[in-house]
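> let's see this in three dimensions:
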Amino acid sequence: MPFLFPLHYSFPPFFTLQPNETTHSKQLALWRDLILKYHTENKIKTLILHDCPLWRNNDISRQLDRSAVDVVVADFVSSGYGEWEDEATKTRCRILWRKPKDLASDIYDWATTRGFINEVCTLFELHSGEDVEGTSFQGADEELLRRAIGILEDRGQATLFRGETSGEDGVKFL
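Residues are numbered from 1 along each chain as shown. As a prediction, this is how the structure comes out:
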């Protein structure tokens, strides 16, 4: 099913950064939401700045200019929804479908409701297993999953076990 763009995506001023501070703040929040929903629904883990279709709406002949893209993505990253894969050049941004602490809570809630407390499952099962269909972490980036599990370890709610390969790594929920 194709991505359904929000109504404001067809509003020409959306593609020009607004000078009024209140309006500008709301506009950036709309861009954050759009970027996150688009990438999450399409299971895209990385935003490539020069190749992102969100910056252009051909139906209304509008697009964000390069400096506006930089502002929008900088706000996205500073809000905790993304992080630079290439800090020096800032051309690739990893999408954090959920913030690591929120994802950690989602994973632990899932483990609790599915009866995985004191059980072990692999990272692959957390990423792609049948039991995770429809969860916020299904298909999540392995690095993001590891960070969320690290938070659970810090909370005393999980232990990560290293296997011979990353596909064999497991997590025990406590």
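> what does the longest helix anywhere in the chain contact?
Longest among the helix segments of the chain by residue count, using DSSP state H, is helix 21-41. Helix 21-41 has contacts (C-beta atoms under 8 Å, 6 or more residues apart in numbering) with 3, 5-6, 8-9, 14, 17-18, 44-45, 47, 54, 71-73, 75-76, 79, 81-82, 95, 97. Where C-beta positions appear, they are placed from N, C-alpha and C, glycine not excepted.
> again, but for stretch 150-157
Outside stretch 150-157, the residues within contact range by C-beta under 8 Å, 6+ apart are P100, K101, A104, I107, Y108, A158, T159, L160, V171, F173, L174.
> I'd guessed the last one sits against N118; true?
Yes: using C-beta atoms under 8 Å as the test, L174 is close enough to N118 to be in contact (7.0 Å).
> which of the two has more neighbours?
L174 (14 against 9; other C-beta atoms under 10 Å).
> ok, and the closest non-adjacent residue to that one?
Excluding the flanking residues, the one nearest L174 by C-beta to C-beta, 6 or more residues apart in numbering is Q157, at 5.6 Å.
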